[in-house]
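1. predicted coordinates and the sequence they were generated for:
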Amino acid sequence: MTGAFVTRFAPSPTGYLHRGHAYSALCAFEAARAANGRFILRIEDIDRTRCRPEYEAAIYEDLAWLGLDWEHPVRRQSDHMADYGAALRDLSERGLTYRCFRTRREIAEAIEQAPHGAMEAFRGHPLPPDEEERRVEAGEPYAWRLSLDAARRALGGFDHLVFTEEGQGPNGEYGLIQARPELGGDVVLARKDVGVAYHLAVVVDDAGQGITHVIRGQDLFEAVHVQRLLQALLALPTPVYRHHGLLTGPDGRRYAKRDRAQTLRELRASGMTPRALRTELGFG
C-alpha cells in the first residue's frame with residue numbers, strides 16, 4: 001500500500017482480542033485499502049503490569065487470521081521510552097508540567113468538594129520547591145501532570161484548537177470541532193514508576209509514524225481534546241479523526257476485555273471462519 005493516507009490499529013496486549021477489536025481493526029484496514037494508503041499496527045504496551053508477551057503474540061495471530069497485513073517492523077511503545085521522555089522534558093523545561101503527589105482517593109475527594117462536584121475535572125498546582133524536594137527525596141510516588149493554566153498562557157488561549165471529525169462522536173459530533181481540553185483537567189502525562197501515560201505516548205507515536213487519519217471507537221472521542229492540546233504544545237501535526245460506533249453484545253453492553261467478551265481465539269476454536277466473522281461485522 002502506498003499513498004498519503006496513513007492510519008493505524010493500536011491495541012494493548014493486556015488480553016485477547018474480541019469482536020470489538022476486530023471491527024475497529026477492519027475499519028482502519030479497509031479505509032486504508034480504499035484510499036490506496038498505508039495500514040500500520042502499533043503495540044501500546046506501556047502498562048508493564050498488565051501487558052503479556054502471549055497477548056502480543058496472539059494479536060499478530062488473530063489479525064493475520066482475519067486477513068489483515070501490516071507494515072514491519074511493528075512499533076512497540078516499550079521500545080521508545082526515550083522519545084516520550086524527550087517530549088516530557090520539553091514540556092517540563094517550559095514550565096508546563098508539575099509533580100502531583102495526590103493519591104487517587106485524594107483526587108476523588110478534591111473533585112467532590114469542588115463547586116461543580118463530579119462535573120469538575122481535577123486541577124492542581126505545583127508545590128513549593130522545598131516541599132517538593134523533600135517529598136521526592138523521601139521516595140513518595142507522584143505523577144507528572146500537564147498544567148492547563150500554564151498551557152493556556154503558553155498558547156494564548158484554546159480558541160484556535162480545532163480538529164476534524166469525519167466519523168461521529170458519541171453525541172453526533174461531526175466536522176470541524178472546537179477542542180475543549182479543560183474537560184480533562186490537568187491530565188497525567190507520566191508517573192514516577194512509568195515513564196509515560198497514554199495521551200503523551202499516543203501523540204508522539206502518531207506524529208512519529210506520520211499518521212494522517214486516526215480511526216477508532218467512540219469511547220476514545222473525548223481523548224481528542226487533550227491530545228489536540230498536546231499536539232499544539234509540542235508543535236506536532238493533527239491527524240483527521242474518524243470515530244466509529246461500538247459493537248454491543250446480546251445484552252446491549254459493548255464488548256470489553258474486562259467483561260470476558262468472547263475472544264477471537266474462542267471464535268476460531270468454535271469453527272467460525274474469517275469470512276463469516278467479516279460478514280457478521282459488515283465487511284463481507
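-> Sure thing, it's come through.

2. show residues contacting stretch 44-52.
-> Stretch 44-52 is contacted by residues 10-14, 56, 76-78, 194-198, 201-202 when judged by C-beta atoms under 8 Å, 6 or more residues apart in numbering. For the C-beta atoms, the positions are set from N, CA and C on the backbone; glycine is no exception.

3. 7 Å - rerun?
-> For stretch 44-52, contacts defined as C-beta atoms under 7 Å, 6 or more residues apart in numbering pick out 10-14, 56, 76-78, 194, 196, 201.

4. now residue 284, nearest residue through space, not along the chain?
-> Nearest non-adjacent residue to residue 284, counting by C-beta to C-beta, 6 or more residues apart in numbering: residue 278, 5.8 Å away.

5. can you confirm that neighbour is in a strand?
-> No - with DSSP: H, G, I helix; E, B strand; the rest coil as the criterion, residue 278 is helix rather than part of a strand.

6. is it true that it touches residue 264?
-> No - using C-beta atoms under 7 Å, residue 278 is not in contact with residue 264; the gap is 11.8 Å.

7. in terms of neighbours, single out the busier of those two.
-> residue 264 (23 against 17; other C-beta atoms under 10 Å).

8. next up, the contacts around that one.
-> Each residue near residue 264 by C-beta under 7 Å, 6+ apart is listed here: 16-18, 22, 62.

9. dihedrals phi and psi, residue 138?
-> Taking degrees, to the nearest 10, you get phi -80, psi -10 for the backbone angles of residue 138.

10. confirm residue 41 sits in a strand?
-> Yes - Residue 41 forms part of a strand when assessed by three-state DSSP.

11. and it, what are its bridge partners?
-> Beta-bridge pairing of residue 41 under DSSP bridges involves residue 9.

12. for residue 210, see how far away it is.
-> Residue 41 sits 14 Å away from residue 210, taking C-beta to C-beta, to the nearest Å as the criterion.

13. about what we covered before: and the residue nearest to residue 284, what pLDDT?
-> Looking at residue 278, its pLDDT reads 97.

14. how far does the lowest-mean-pLDDT helix or strand in the chain sit from its chain's centre?
-> None of the helices or strands of the chain scores lower by mean pLDDT, DSSP states H and E than helix 104-113, at a mean of 76. Offset of helix 104-113 from its chain centre (C-alpha atoms, centre = their mean, to the nearest Å): 24 Å.

15. and that helix, what's buried?
-> Buried residues in helix 104-113, counted by 16 or more other C-beta atoms under 10 Å: 107, 111.

16. equivalent analysis for stretch 72-82, please.
-> Buried residues in stretch 72-82, counted by 16+ other C-beta under 10 Å: 75, 77, 80.

17. now those as JSON lines including distance to residue 186?
-> Shown next, in JSON lines, are those (distance: C-beta to C-beta, whole Å):
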{"residue": "75", "distance to residue 186": "28"}
{"residue": "77", "distance to residue 186": "23"}
{"residue": "80", "distance to residue 186": "25"}
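
18. give me the subset of the contacts of stretch 44-52 lying in helices.
-> Residues of the contacts of stretch 44-52 located in helices (DSSP state H): 56, 201.

19. tabulate the contacts of stretch 44-52 (a markdown table), appending distance to residue 32.
-> Formatted as a markdown table, the contacts of stretch 44-52 follow (distance: C-beta to C-beta, whole Å):
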| residue | distance to residue 32 |
| --- | --- |
| 10 | 14 |
| 11 | 16 |
| 12 | 21 |
| 13 | 22 |
| 14 | 25 |
| 56 | 22 |
| 76 | 20 |
| 77 | 21 |
| 78 | 25 |
| 194 | 31 |
| 196 | 26 |
| 201 | 22 |
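
20. of the contacts of stretch 44-52, buried ones?
-> Taking 16+ other C-beta under 10 Å as the criterion, what is buried in the contacts of stretch 44-52 is 10-14, 56, 77, 196, 201.

21. from those residues, which two are the most distant?
-> Spatial extent of the buried ones among the contacts of stretch 44-52 (C-beta to C-beta) is set by the pair 56 and 196 at 18.2 Å.
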